[in-house]
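1. Below: sequence and its predicted model.
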Amino acid sequence: MFASTPGVLSRASLILGVIITGASFLSLITILGFYFAGTVPHSGLYWAALWGFPLGFVLMCVYLLINLGRRRAQ
């Protein structure tokens, strides 16, 4: 593997972080749309927005820390 290629763990944490954060953003937009329409959204949307953003950003920070460790080791 080349030095510039990220490892499997770092790549997986980045991809999962982006997907989870994107899904959380979509659930937040959906919640706002439901409130604009005057209906009550499903509680799963609240859960996705509440836990998705922090989890996604933590996974992206894990990616940054893994790459920082790899660069320092070189």
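-> Alright, I've got the coordinates. Residues are numbered from 1 along each chain as shown.
2. mind listing what's buried in whatever helix or strand residue 52 lives in?
-> Following DSSP states H and E, one finds residue 52 within helix 43-73. Buried positions in helix 43-73, judged by neighbour count with 16 or more other CB atoms under 10 Å: 45, 48-49, 52-53, 55-56, 59-60, 62-63, 66. For every residue, glycine as well, the C-beta is placed using N, CA and C.
3. Run through the chain and note the low-pLDDT ranges.
-> Counting by pLDDT under 70, the ranges of the chain that qualify are 1-4.
4. do that again at 80, thanks
-> Within the chain, the ranges that satisfy pLDDT under 80 run 1-6, 74.
5. which residue is nearest the middle of it?
-> Nearest to the geometric centre of the chain sits residue 56, at 2.3 Å (CA atoms, centre = their mean).
6. could you dump the buried residues of helix 43-73 to a markdown table with distance to residue 19?
-> Converted to a markdown table, those look like this (distance: CB to CB, whole Å):
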| residue | distance to residue 19 |
| --- | --- |
| 45 | 17 |
| 48 | 12 |
| 49 | 15 |
| 52 | 10 |
| 53 | 13 |
| 55 | 11 |
| 56 | 8 |
| 59 | 9 |
| 60 | 11 |
| 62 | 14 |
| 63 | 13 |
| 66 | 18 |
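7. that older thread, who's in contact with the residue nearest to the centre of the chain?
-> By CB atoms under 8 Å, 6 or more residues apart in numbering, residue 56 lies in contact with 16-22, 24.
8. swap the cut-off to 7 Å and go again
-> Residue 56 makes contact with 17, 20-21, 24 under the criterion CB atoms under 7 Å, 6 or more residues apart in numbering.
9. same thing with residue 22?
-> So residue 22 contacts nothing (CB under 7 Å, 6+ apart).
10. same check, this time on residue 46
-> Residues near residue 46 by CB under 7 Å, 6+ apart: residue 31.
11. And for residue 67?
-> Per CB under 7 Å, 6+ apart, neighbours of residue 67: 6, 10.
12. From residue 42, how far off is it?
-> In this view, residue 67 and residue 42 are 37 Å apart by CB to CB, to the nearest Å.
13. No more questions from me, cheers.
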